[in-house]
Structure formats: structure tokens, C-alpha cells
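>>> this is the structure alone, sequence omitted:
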Ligand SMILES: O=C(C[C@H]1NCCC[C@H]1O)Cn1cnc2c(c1=O)CCCC2
Ligand SMILES: [Mg+2]
């Protein structure tokens, strides 16, 4: 039948790739690592974009568009920015059958596209702060196994690039944007994230520090970097000579940030909420929030009542659609819209018409759960549906939060750390904050562990749902890996 071939807990990889196709989010494509975003997932990206775009405009950030192409000269200007990434850069080397004089790179990110221009635009302190963003695609020739939304060779994102006169202003914006990323995940996608700062080896090489929101996939026990907000310091200003005359006439380098959120966010949402019946979409981003299905009986066809209910809900700005197709049974339609993750379905049969009520069924509750389906008088429909959708949005986040909390262990020594890691958990452990110790943990967990190396996902900021407080490390606590005096709590895990 319509059901999925694979079970989430048994065969996660196949469950996921099958689900994004069967749920009509993704179509595969003949260029490896590239996927087609079908309307069902593109509409989710639009919801994320609408929210984030509105919020950054409130902050005075303006959208712009820079060219897709980067000259080799510009791309290689900031040495340690690109050297680690060089293999991922895609190049245009010919047009038609004639070689190009100079190869041109396709942007993998736009620091090196924009910053030579920033140097022209920024002269005096009155040109600051400069704060722009662009919604675009980027290309990175990744070699790791591609996964729809999570890792692809082309993806959509927004990239913000800002310049300030002082570090204080830059620091403040880094955290303001990080909070917006938290809101995208927790308020729209109903996915809990942990805010923190990246370690020296995990941060963006060209920057000063990287803050991040980290999500987690309980089924695989893997962390996933959900969005990043970097303070670049003055590193790029130095390389691209982005200087300004301050109000005392002194020439200074600007302080810069860059921050990005990608279509990976859609994949994270699918992985966290999906089940063996298919997608489960949070109402805030569901392209269709309610589907209305007639249940004909003894020659009575409730299609007209369905259209009346659709019209009522549309008036209340609820994203609703009727499925009146007469070549599919109600049962088939139930499975189809469950597969696509539509939050609510409304069934209307002859008895419901008589009783002036409808049957409402929630997608987020198990079949036998209390409150999964309820009869609602047509008169109260609009108000009740709105309330149920809000309840579902909250329930999805709370459920995901609770599930994640079961996947966070605290470890003070190597054995407990490995046990938790191999039990598909993220591990909070006291760490000496030394680079070579992190390198060593990566090497040891790669060989000893079964699912690839563990790394630091972040050093969590004060976080109300973590069992530790960053500032509080009991006196004399030792690093779990090196035995040296621990300096801070780090959140470790295997990741995507
Ligand atoms: O892209 C960033 C930093 C920054 N870019 C702008 C948005 C936020 C943030 O991701 C890091 N980065 C990742 N990956 C690559 C590069 C790179 O700079 C450059 C070369 C190709 C691969
Ligand atoms: Mg990368």
C-alpha cells in the first residue's frame, strides 16, 4: 500500500531518503549531489525565509545580490580561509569550446566576492555599520556522502555580511542573529537547539570566533550544525584592506560578522519529527495545515459541506485544501496526506452533516492516543482549529525536547564518555580546552567507536535545559580525556 517501505528506527538512511521522495519534497537529479526541491519543500523554505527576512529587516539589514562568480585572485586573498576548503571549490574553465583566460570560481560563500567591494564602499565612520544579506545558492563540491537537504553540492541559504566600527557592536549582532536562528528552529520548525561557541578547530578558520545552534537527531545519535553566526574580527579587514577614518580622523580596520542558515534546516525538521507513516510538519511551516476529505455514504456526497468548511478556514488565513478526487477512497487519502505530514485532517460524512459537526484528526499523535481525533461542531470550527494547530506546534517542540534530553549524557572520564557515545548520545564533558586533546579524541573515537569520530559540537552557553552550568566547574575537575585541569564544559558528539 501507500505505507513507507522502511522503518525509522530500523533503517534510518533509507527511511529518510524514501520519505523525502514519497512525501513529494525531493526529486533526484542526474548530477551527483544535486536534488530538486519540489513545491512541498520549497514552500517550507519560503516560510523560513519570510520569517527571517522580516526579522533582519527590523534590525536594519538590507538584502542585496552579488555575482555568482569569484575571481581566483579574490578567492585566494585570505590564505587560511580557503586553503582548508580548496578541494570543495567548483571552477568554470571554459565557455563553449574555448578555454577561459582565467578560471572563475563559483561562490562557495561570498566573503571574497563582497569584501573587495566593501573596501570601496567603506571610507569614513559614517559608512558604518554596513549590514547586508543575500538569499542565494552556493556550490561546494563535497566528497562526503550526499543526503537530501543535509549535504548537497548546491544548496540555498542566506548569508549575512556586516561591518562595524567597534568589536562591541559586532559581538552584539553575532548574538542577535544567533537568537533569530534559535527562533527559526524552535518556533517554526519545532526543533530544539543548543546555543554555544565552537572550539578553535571547529570554528570558521578565517574568523575570530564562531557561535552556533546545534540540533540533534536522536535516532542516529548524531549532532548537526543547524546555523552559524561568526565574528570575523579584523582578519578579513586586514586582508581586503577594509579601513575607515574614525571620528578623530584615525584610520582603523572594521570589525566584521558573517552568518548563515541553509536548506539543511528542512532536513533536520524531517529527521526529528518524521515517523513510520511519513512526514510530520509543524503547522507554522506546513504548506497545507488542514486537508478536508469527504466520506461519501449511501449515495450522499459531502463535497459541498467540505467546500463550505474550506471556505470558512480560508477566511481565517488557515492554509487548507479539499481533496474531492473521486478516483481515490477516503482511506487512501488519509494515508496520502499523512505521508505528506499535513498536521490536521477533517473528515465529513453524512452523519457529521446531520449533526452539524466534523471529525478532526491530528497527525502528531499516535493512533490510539487520547485526543488524536475529536468531533467539533461546525459553529466552533475556526476557533477550535486555530487552537489545535497552536497546541500541535507546542507539542512537537516539547516532544522533541524531551526526547533530546534523554540523549544528553554527562561524563567525567573516558570510559563513561565512550559508553555514552556508543549509546548514541551527545556527551557533556569537562575539557581542558586544548587543541591537541580534541584532535586526539577525534582520532581515538574514530578507531574505537563505530559511527565515525566524535568532535566538539560546541561549548554551550548558559542553557536552561542542560544539566550543567558553563561557569560552574567543581574545583579540581579533570578533563575527561587528558586528565589536565578542566577549563570548560564541552558538548561532544558524532555529527553529520
Ligand atoms: O562559509 C563559511 C563561513 C560563513 N560564510 C557566510 C555565511 C556564514 C558562514 O558559513 C565557511 N566556509 C565553509 N565552506 C567553504 C568555505 C567557507 O568559507 C570556502 C571555500 C569552500 C568551502
Ligand atoms: Mg563544509
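Arrived safely. What you are looking at is a predicted structure, and each value in this text was computed from that prediction instead of being measured. Ligands and ions are numbered 1, 2, ... in the order given.
>>> now for residue 318, how many residues are close by?
By other Cβ atoms under 10 Å, the residues close to residue 318 number 19. C-betas here are computed from N, CA, C, even on glycine.
>>> was I right about it contacting residue 289?
Yes. Assessed by Cβ atoms under 8 Å, residue 318 is found in contact with residue 289 at 5.6 Å.
>>> pull up the overlap in contacts between the two.
residue 389 (Cβ atoms under 8 Å, 6 or more residues apart in numbering).
>>> and the closest residue to ligand 1 within the stretch 201-350 of the chain, what element?
Residue of the stretch 201-350 of the chain nearest ligand 1, by Cβ to the nearest ligand atom: residue 260 (3.0 Å). Assigned by DSSP states H and E, residue 260 belongs to strand 255-262.
>>> following that strand, which helix or strand shows up next?
Moving toward the C-terminus from strand 255-262, the next helix or strand (DSSP H and E) is helix 264-273.
>>> which other helices and strands contact that following helix?
The elements that helix 264-273 packs onto, with contact taken as 3 or more Cβ pairs under 8 Å, 6 or more residues apart in numbering; DSSP states H and E, are helix 12-22, helix 39-58, strand 209-217, strand 222-233, helix 381-405.
>>> how about these in TSV, adding mean neighbour count?
Formatted as TSV, those follow (neighbours: other Cβ atoms under 10 Å):
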stretch	mean neighbour count
helix 12-22	18
helix 39-58	17
strand 209-217	24
strand 222-233	24
helix 381-405	17
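>>> dump the ones you listed to a markdown table, plus distance to ligand 1 and mean pLDDT.
Listed next are the helices and strands packed on helix 264-273 as a markdown table, based on distance: least, Cβ to the nearest ligand atom, whole Å; pLDDT from 0 to 100:
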| stretch | distance to ligand 1 | mean pLDDT |
| --- | --- | --- |
| helix 12-22 | 24 | 97 |
| helix 39-58 | 13 | 98 |
| strand 209-217 | 8 | 98 |
| strand 222-233 | 5 | 98 |
| helix 381-405 | 24 | 97 |
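>>> residue 108 is nearest to which of those?
Residue 108 sits nearest to strand 222-233 of all the helices and strands packed on helix 264-273, at 14.4 Å, using Cβ to Cβ.
>>> residues contacting residue 473?
Here residue 473 is in contact with 430, 486, 487, 488, 489 (Cβ under 8 Å, 6+ apart).
>>> which two of these have the greatest separation?
Largest pairwise distance in these, by Cβ to Cβ, is 9.3 Å, between 487 and 489.
>>> between these two, which one's more packed in?
The residue with more neighbours, out of residue 487 and residue 489, is residue 489; 22 against 15, by other Cβ under 10 Å.
>>> which SS class is the more buried one?
Of the three states, residue 489 takes strand under DSSP: H, G, I helix; E, B strand; the rest coil.
>>> surely it meets residue 428?
Yes. Using Cβ under 8 Å, residue 489 is in contact with residue 428, at 5.6 Å.
>>> in a strand, residue 173, correct?
No. Per three-state DSSP, residue 173 lies outside any strand segment and is helix.
>>> from residue 247, how far off is it?
21 Å (Cβ to Cβ, to the nearest Å).
>>> which of these two has more residues huddled nearby?
residue 173 (22 against 9).
>>> show me the contacts for the closest residue in space to that one that isn't next to it in sequence.
Leaving aside its chain neighbours, residue 173 sits nearest to residue 257 (5.5 Å; criterion: Cβ to Cβ, 6 or more residues apart in numbering). Residues near residue 257 by Cβ under 8 Å, 6+ apart: 160, 161, 162, 164, 170, 173, 174, 177, 229, 230, 231, 232.
>>> swap in 10 Å and give it another go.
The contact partners of residue 257, by Cβ atoms under 10 Å, 6 or more residues apart in numbering, come to 129, 131, 160-164, 169-174, 176-177, 207-208, 211, 229-233.
>>> spell out which parts of the stretch 251-400 of the chain neighbour ligand 1.
Taking Cβ under 6 Å from any ligand atom as the contact definition, the stretch 251-400 of the chain meets ligand 1 at 258, 259, 260.
>>> what is the last one paired to in the beta sheet?
In this structure, residue 260 has the following beta-bridge partners (DSSP bridges): residue 159, residue 228.
>>> so it touches residue 180, yeah?
No. Using Cβ atoms under 10 Å as the test, residue 260 is too far from residue 180 to be in contact (11.9 Å).
>>> between the two, which contacts overlap?
Common contact partners of residue 260 and residue 180 (Cβ under 10 Å, 6+ apart): 160, 227, 229.
>>> is the second one in contact with residue 263, as I believe?
No. No contact is recorded between residue 227 and residue 263 when judged using Cβ under 10 Å, the distance being 11.4 Å.
>>> quickly list what's touching both of these two.
residue 157.
>>> tell me the secondary structure at residue 286.
coil.
>>> name the nearest residue to it, ignoring sequence neighbours.
Distances taken as Cβ to Cβ, 6+ apart place residue 343 nearest to residue 286, at 5.3 Å, with adjacent residues excluded.
>>> what pairs with the closest residue to residue 167 other than its chain neighbours across the strands?
Excluding the flanking residues, the one nearest residue 167 by Cβ to Cβ, 6+ apart is residue 255, at 4.9 Å. Judged by DSSP bridges, the bridge partners of residue 255 are residue 164.
>>> rebuild the helices and strands packed on helix 264-273 as a markdown table, extending it with distance to residue 330.
Shown next, in a markdown table, are the helices and strands packed on helix 264-273 (distance: least, Cβ to Cβ, whole Å):
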| stretch | distance to residue 330 |
| --- | --- |
| helix 12-22 | 20 |
| helix 39-58 | 22 |
| strand 209-217 | 34 |
| strand 222-233 | 38 |
| helix 381-405 | 19 |
